[in-house]
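Chemist: What follows is a predicted structure for the sequence shown.
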Amino acid sequence: MDLYIYYRVPAADAALVQAKVKQMQASLADQYGISTALKRRPVEQDGMHTWMEVYLAVADDTAEDFTAALELAVAANQLSSLIDGKRHTEQFLDLSLCV
């Protein structure tokens, strides 16, 4: 399963959010043996950027634990106080697994 999590970040807080998310992702990648990415839309709108965290190939047998660990990491890094609104999570499977 791949997770895509998007949210809005005030442009003024970009450096702080980037540092916190990259550290969080590195820890989760080490713990769960997954690949991560952090993306941002290229255009600022109303002083905000849309950001996306990507977590690739989360194993089915660890998905529940990973989701819980991710929520704890978000809380520990106080990301909710640095973003505008909610974090939206989408889950996708490789088509080869959807037979």
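Modeler: It's in. Fair warning: this is a prediction, and the values are worked out from it, not measured in the lab. Residues are numbered from 1 along each chain as shown.
Chemist: and Lys55, how far is that from Arg87?
Modeler: In this structure residue 55 is Tyr, not Lys. 12 Å (C-beta to C-beta, to the nearest Å). C-beta here means a position set from N, CA and C on the backbone, and glycine is covered the same way.
Chemist: now do Tyr32
Modeler: Distance from Tyr32 to Arg87, by C-beta to C-beta: 18 Å.
Chemist: what residue lies at the spatial centre of this protein?
Modeler: Glu53 (2.9 Å; C-alpha atoms, centre = their mean).
Chemist: That one should be in a helix, yeah?
Modeler: No - counting by DSSP: H, G, I helix; E, B strand; the rest coil, Glu53 is located in no helix; its state is strand.
Chemist: My guess is it contacts Ala29. True?
Modeler: No - Glu53 lies out of contact with Ala29 (C-beta atoms under 8 Å); the separation is 11.5 Å.
Chemist: hey, what's in contact with both of the two?
Modeler: Shared contacts of Glu53 and Ala29, defined by C-beta atoms under 8 Å, 6 or more residues apart in numbering, are found at Thr36.
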